[in-house]
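1. Predicted model follows, preceded by the sequence.
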Amino acid sequence: MIVAERKPIDEIIGFVKNCKKILLVGCNECVTVCYAGGKKEVGVLASALKMAFMKEGKELEITEVTLERQCDHEYLEEIRNIIDQYEAVISLACGVGVQFLAEKYLTTPVFPGLNTSFMGVTEESGVWTERCQGCGQCILGQTAGICPISRCAKRILNGPCGGSTDGKCEINKELDCAWQLIIDRLKELGRLEDYEELIPIKDWSTERAGGPRKIVREDLKS
Amino acid sequence: MMVSFQKGADGVYVVGCLEGECHFLTGNLRARKRVEYAKKLLDEIGVGGERLEMYNIAASDGPRFAEVAREMHEKIKALGPNPIKGATLNKKAA
């Protein structure tokens, strides 16, 4: 899922400091799972913002809505009838949702309530780590399910590098060397001979470096 | 907790069972973490995290509950009213 965290509260206050009536929109998917932008977080933030304003002798009316997702038209349409009543919207969706909402409702300023970070997993309650960087050319089948693009600091395809020490990466002693993990896993799977097959030079054009991306399925277009 | 302060509470205290004696095993531990989070948030918005506290008291320990109630009362009295009320009152006066 996409992992994000709430922006510092004074930054959010700064966005709407001159407003009197705003809409606070949460998202029921990824940001709910990482406790950043779901219904509960919308409630807590609304309360915090109201109190911050009251402390200055000002009032801020906030309507709280949590949509199923903010990256699909049908869910964003649900606020079409009400959005014009508000001076601004704070979206607690990931960057994707904030943008889609802003594209849909051009006449209302939209502000992000979160800093969106990465695609990752919940390793344990309260700990999220990166796993995928969307390079567009998945080689997980050859690397025993461990990604060297997202988990190797140097993103090398035939590792480890000379800096790998005791299974840790040279940039940070707490970071596992992805290639050590790959080799260990291949050993456990009895597929160590796969390691001998060199992974060829990556075509980076499918990665972010190639520009904003698009996928089209003609068979699904209406 | 946040809504209590929003509605004008000057102080809030959360009471859970003694650690290790929670009927739900970890409910009181999780509550403490949430209280710590809310305290930080209250500090950030200027209401003051010291207005919110959590205590661990056995359900049958009436005297301790009374002691905590007194302690909290004194503490909040010393801190004064919730700052959000003050500002609104000042505005109305002006």
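-> Perfect, thanks for sending it.
2. Let me see the mean pLDDT of stretch A:175-189.
-> The average pLDDT within stretch A:175-189 is 96.
3. How far does it sit from its chain's centre?
-> How far stretch A:175-189 lies from its chain's middle: 26 Å, per C-alpha atoms, centre = their mean, to the nearest Å.
4. Need the pLDDT of B:Ile57.
-> 94.
5. Go ahead and confirm it touches B:Phe65.
-> Yes - at 5.4 Å, B:Ile57 and B:Phe65 qualify as touching, with contact defined as C-beta atoms under 8 Å. The C-beta positions use only the backbone N, C-alpha and C, and glycine is treated the same way.
6. shared neighbours of these two, which are they?
-> B:Val15 (C-beta atoms under 8 Å, 6 or more residues apart in numbering or on different chains).
7. Chain B contacts on chain A?
-> Within chain A, the residues that sit near chain B (C-beta under 8 Å from any C-beta of the partner chain) are A:8-10, A:13, A:43-44, A:47-52, A:54-57.
8. Please convert the buried members of those residues into PyMOL selection syntax.
-> To isolate the buried subset of the residues of chain A next to chain B in PyMOL, counting by 16 or more other C-beta atoms under 10 Å in any protein chain shown, use the following:
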select buried, chain A and resi 9+13+43+44+47+48+49+50+51+52+54+55+56
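9. Could you report the pLDDT at B:Leu25?
-> According to the prediction, B:Leu25 has pLDDT 86.
10. gap between it and B:Glu19?
-> Relative to B:Glu19, B:Leu25 is positioned 11 Å away (C-beta to C-beta, to the nearest Å).
11. For A:Lys39, grab the count of nearby residues.
-> 15 (other C-beta atoms under 10 Å in any protein chain shown).
12. Would you confirm that it contacts A:Gly26?
-> Yes - A:Lys39 is within contact range of A:Gly26, at 5.6 Å (criterion: C-beta under 8 Å).
13. Please, which helix or strand holds A:Lys50?
-> Taking DSSP states H and E as the definition, A:Lys50 sits inside helix A:39-55.
14. now do A:Leu23
-> strand A:21-27.
15. swap in B:His23?
-> With DSSP H and E as criterion, B:His23 is part of no helix or strand.
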